[in-house]
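**Student:** need coordinates for the below:
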Amino acid sequence: MYANFSRRDSMDDEACLSECGTCGAEFEGDYCPQCNKPTCKLIGEDGNVFLIIGRVQSALRRAGQRENADKFLEDATNSHSYDEVLQLAMKYVEIE
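**Tutor:** Have a look, this model is predicted:
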């Protein structure tokens, strides 16, 4: 069986676009260029708070936002609840 994975058609181009939940802009890639928030896959993943903190911090670092990653970690570890951490994560990254 032979499969050609190099062919892209217009349907593939549309599937690559994401819509930012913060500013509504459509973008391709790992972060929204308008509000400068990297994307972070949390929906459908393990809901452990420490895993969430690690994923958000990694997404920020991959986007070159080391200072934001450090600030997020500090704020998240000082949070008083799981919900606070989720709300904080939504301020720093675009959840997908």
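**Student:** following element in sequence after the helix or strand hosting I52, please.
**Tutor:** Mapping I52 onto the secondary structure by DSSP states H and E places it in helix 49-62. Heading C-terminal from helix 49-62, the first helix or strand you meet, by DSSP H and E, is helix 66-77.
**Student:** contacts for that next one?
**Tutor:** Contacts with helix 66-77, where a contact means Cβ atoms under 8 Å, 6 or more residues apart in numbering, come from I53, V56, Q57, S58, L60, R61, V85, L88, A89, Y92. In this view, the C-beta of every residue, glycine as well, is placed from N, C-alpha and C.
**Student:** between helix 49-62 and that helix, find me the angle.
**Tutor:** For the pair helix 66-77 and helix 49-62, the angle between their directions (axes from the mean of the first three to the mean of the last three Cα atoms, to 10 degrees) equals 170 degrees.
**Student:** what pLDDT, on average, does helix 66-77 get?
**Tutor:** Per-residue pLDDT over helix 66-77 has a mean of 94.
**Student:** name the helices or strands packed onto the helix holding I52?
**Tutor:** With contacts taken as 3 or more Cβ pairs under 8 Å, 6 or more residues apart in numbering; DSSP states H and E, helix 49-62 sits against strand 37-40, helix 66-77, helix 82-92.
**Student:** export the first one to CSV, keeping only CA atoms.
**Tutor:** If I follow you right, that is strand 37-40. What follows is the C-alpha trace of strand 37-40 in CSV, where atoms were taken according to Å, rounded to 0.1, in the frame of the first residue of the first chain:
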residue,chain,number,x,y,z
LYS,A,37,-0.5,33.5,24.0
PRO,A,38,0.9,30.1,23.1
THR,A,39,-1.6,27.2,22.8
CYS,A,40,-1.6,24.4,25.4
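**Student:** what's near enough to touch S58?
**Tutor:** Neighbouring residues of S58 by Cβ under 8 Å, 6+ apart: A69.
**Student:** tell me the spacing between it and E26.
**Tutor:** Using Cβ to Cβ, to the nearest Å, one gets 24 Å for the distance from S58 to E26.
**Student:** quick check: which of the helices and strands packed on helix 49-62 is nearest to G47?
**Tutor:** For the helices and strands packed on helix 49-62, distance to G47 was read as Cβ to Cβ. The smallest value, 8.2 Å, belongs to helix 82-92.
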